[in-house]
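Engineer: predicted coordinates and the sequence they were generated for:
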Amino acid sequence: PHQGADVSAAGAALSPGACPEACRQLVPGSALLRGLGDRVGDGPAWMSVWTTRDQTVQPPESARLDGAVDVVLQDVCPDARTGHDDLPSDPLVGGIVLRALGAGPMTAPVASDCASLRALSS
């Protein structure tokens, strides 16, 4: 979440001792997030893959990063039920990442890519 996560802010405020470093780093406006900035610079292409069904990163739209290829799973596969914890192992995410790492230019997938992306990482 490039703009931070509300759950981190709540955790840091309600129980600072129980909020580990990664939690504190994701508080909106933290030193880490300010240092990263809110957009990508020159250099390699960036992609942000996120799900509208994320219950951990709130609001899910905080995964948007100005200048990056923005991929909302439900825009690619409307039936995607992927939550936060499922992102690393989801076949759709795997296919999106594999295609992004390919030789061609990095582009956002479209709905017609849904089945082929899921099959790519299965």
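Structural biologist: Cool, got the structure.

Engineer: residue contacts, residue 91?
Structural biologist: Shown in contact with residue 91 (Cβ atoms under 8 Å, 6 or more residues apart in numbering): 117-119, 121-122. Bear in mind the C-beta positions are built from the backbone N, C-alpha and C, glycine included.

Engineer: let me see the ranges of the strands in the chain.
Structural biologist: Listed from the start of the chain, the chain has strands (DSSP state E) covering 47-50, 69-72.

Engineer: by neighbour count, which of the contacts of residue 91 wins?
Structural biologist: Neighbour count (other Cβ atoms under 10 Å) singles out residue 117 as the most crowded of the contacts of residue 91, with 22 neighbours.

Engineer: the nearest residue to that residue once chain neighbours are set aside: neighbour count?
Structural biologist: For residue 117, ignoring the flanking residues on the chain, the nearest one in space by Cβ to Cβ, 6 or more residues apart in numbering is residue 95 at 3.2 Å. Using other Cβ under 10 Å, the number of residues around residue 95 comes to 23.

Engineer: and residue 95, how far from residue 7?
Structural biologist: According to Cβ to Cβ, to the nearest Å, residue 95 stands 28 Å off from residue 7.

Engineer: burial check on residue 40, number of neighbours?
Structural biologist: The tally of other residues near residue 40 (other Cβ under 10 Å) stands at 18.

Engineer: what's the answer for the one 5 residues further on, then?
Structural biologist: Here the count is done by other Cβ under 10 Å, and residue 45 has 12 residues near it.
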